[in-house]
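Peer 1: kindly generate the corresponding structure for this input.
(one chain, ligands or ions: 1)
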Amino acid sequence: MTQVRPSMNEQLFGSARAHGHLAEDGRPRLPVSVPSSCDVLALVLGRRFAVEYQPIVDLHTGETIGHEALSRFFDAQGGPVSPGAVFARLHEEPSLLLYVEAETKRFQIENAPDGPLHLNVDPDSFHAGRNGSANGLLDVIQAREQPVVVEVIETMCFADARYGRELVSALRERSMPVALDDVGAPDALLSLETLKDADVLKLDASWLGRMGDPRERAILEALLGLARRLGARTILEGVETESQLELAAALGVDAVQGFLFRGQFRTRAA
Ligand SMILES: [Ca+2]
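Peer 2: Numbers count the residues shown, from 1 in each chain. Presented below is the predicted three-dimensional model:
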């Protein structure tokens with residue numbers, strides 16, 4: 001199969017999505033310019049990064065059942081740098097990507113609140129950490145004593161799709177829970193093979209804007225039914241209002257995440 005490498009713009013878009021930095025309309029939340037490799041290295045060596053923990057809230061009990069860790073980066077003046085832009089550059093530098101991922105994941109684990117922790121791992125990072133059947137990045141993640149759920153995004157890039165499949169298989173072999181990220185995002189792929197292996201489905205925020213369309217709603221309801229039959233939990237992302245929370249409950253989603261709970265977001269700087 002011919003491997004299609006994405007353009008820098010596609011990488012930027014995919015990276016921004018993989019790392020939770022797109023607004024509802026799919027555009028990056030911040031104005032974006034891609035930093036150079038030197039800039040990225042300086043940023044990590046200078047430890048100009050942080051983590052934001054967002055609560056995942058059970059819809060039945062209202063309790064926080066875990067947190068997702070999201071990477072944040074800063075320039076020398078302390079201004080935010082788009083994680084999507086940082087990762088777009090890193091995808092061109094596998095060794096640097098691996099270093100940044102190992103360093104930031106270790107930080108995210110060290111400072112995490114108690115309870116299950118969701119960590120985003122993109123298939124390229126996993127691939128960069130491979131050494132035969134060993135994997136240094138997964139070793140860092142598995143070192144956490146409390147539960148970790150690895151969120152995996154599937155992409156439009158054939159090479160990444162294969163790496164994604166390999167990542168899910170490696171996680172299964174280590175008995176590490178797998179969440180499929182951004183399920184239903186407008187440009188995302190969903191393979192039935194990966195769906196079968198998922199412990200958690202993270203439903204993309206864009207579903208909320210499509211529930212007025214009966215065909216869209218039928219697809220989401222079928223996905224939720226499938227998740228129940230497979231024993232997978234469902235988490236709807238991007239819940240910002242009480243009415244969206246009610247809609248999530250009416251749909252039968254297990255848990256939600258989003259800006260509605262921003263009062264409970266916690267940030268730790270390196
Ligand atoms: Ca995620």
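Peer 1: residues contacting the residue in the chain sticking out farthest from the centre?
Peer 2: Largest separation from the mean C-alpha position in the chain: residue 214, at 27.9 Å (Cα atoms, centre = their mean). Residues in contact with residue 214 (Cβ atoms under 8 Å, 6 or more residues apart in numbering): none are found. Glycine gets a C-beta too; all of them are placed from N, C-alpha and C.
Peer 1: repeat for residue 35
Peer 2: 43, 81, 85, 86, 89.
Peer 1: helix or strand for it, which one?
Peer 2: Using DSSP states H and E, residue 35 falls within no helix or strand.
Peer 1: right, and the helix or strand after the lowest-mean-pLDDT helix or strand in the chain?
Peer 2: Least confident helix or strand of the chain, by mean pLDDT, DSSP states H and E, is helix 8-18 with a mean of 50. As assigned by DSSP H and E, the chain's next helix or strand after helix 8-18 is helix 37-45.
Peer 1: any idea how far that following helix is from the chain center?
Peer 2: 22 Å (Cα atoms, centre = their mean, to the nearest Å).
Peer 1: and if you look at stretch 121-140?
Peer 2: Worked out by Cα atoms, centre = their mean, stretch 121-140 lies 16 Å from the chain centre.
Peer 1: over to stretch 190-210?
Peer 2: That offset, for stretch 190-210, works out to 12 Å (Cα atoms, centre = their mean).
Peer 1: also stretch 241-256?
Peer 2: 20 Å.
Peer 1: what does stretch 227-238 give?
Peer 2: Worked out by Cα atoms, centre = their mean, stretch 227-238 lies 15 Å from the chain centre.
Peer 1: which sections of the chain are below the confidence cut-off?
Peer 2: 1-32, 155-159 (pLDDT under 70).
Peer 1: for it, what lies in contact range of the ion?
Peer 2: 120, 151, 181 (Cβ under 5 Å from the ion).
Peer 1: buried ones in stretch 40-55?
Peer 2: 40, 41, 43, 44, 48, 49, 50, 51, 52, 53, 54, 55 (16 or more other Cβ atoms under 10 Å).
Peer 1: run the chain-centre distance for it.
Peer 2: With Cα atoms, centre = their mean, you get 16 Å for stretch 40-55.
Peer 1: need the strands for the stretch 101-250 of the chain, in chain order.
Peer 2: 117-120, 130-131, 134-135, 148-152, 178-183, 200-203, 233-236 (DSSP state E, counting those that start in this stretch).
Peer 1: would you mind pulling up the elements that the last one packs against?
Peer 2: What that stands for is strand 233-236. strand 200-203, helix 214-230, strand 255-256 (3 or more Cβ pairs under 8 Å, 6 or more residues apart in numbering; DSSP states H and E).
Peer 1: what's the most buried one of those?
Peer 2: strand 200-203 (a mean of 26; mean count of other Cβ atoms under 10 Å).
Peer 1: list the strands paired with that one, with their directions.
Peer 2: Using DSSP bridges, the strands paired with strand 200-203 are strand 178-183 (parallel), strand 233-236 (parallel).
Peer 1: show residues contacting that strand.
Peer 2: Against strand 200-203 from outside (Cβ under 8 Å, 6+ apart): 149, 151, 177-184, 195, 220, 223, 227, 232-237, 253, 257.
Peer 1: please apply the same query to stretch 69-78.
Peer 2: 19-21, 42-43, 46, 48-54, 80-83, 86, 104, 108, 112, 117-120, 267.
Peer 1: that one: end-to-end distance?
Peer 2: 20 Å (Cα to Cα, to the nearest Å).
Peer 1: then stretch 76-89?
Peer 2: Stretch 76-89 has an end-to-end distance of 18 Å (Cα to Cα).
Peer 1: equivalent analysis for stretch 177-187, please.
Peer 2: OK, stretch 177-187 end separation, Cα to Cα: 25 Å.
Peer 1: buried sites along it?
Peer 2: Here stretch 177-187 shows 177, 178, 179, 180, 181, 182, 183, 184, 185 as buried, counting by 16+ other Cβ under 10 Å.
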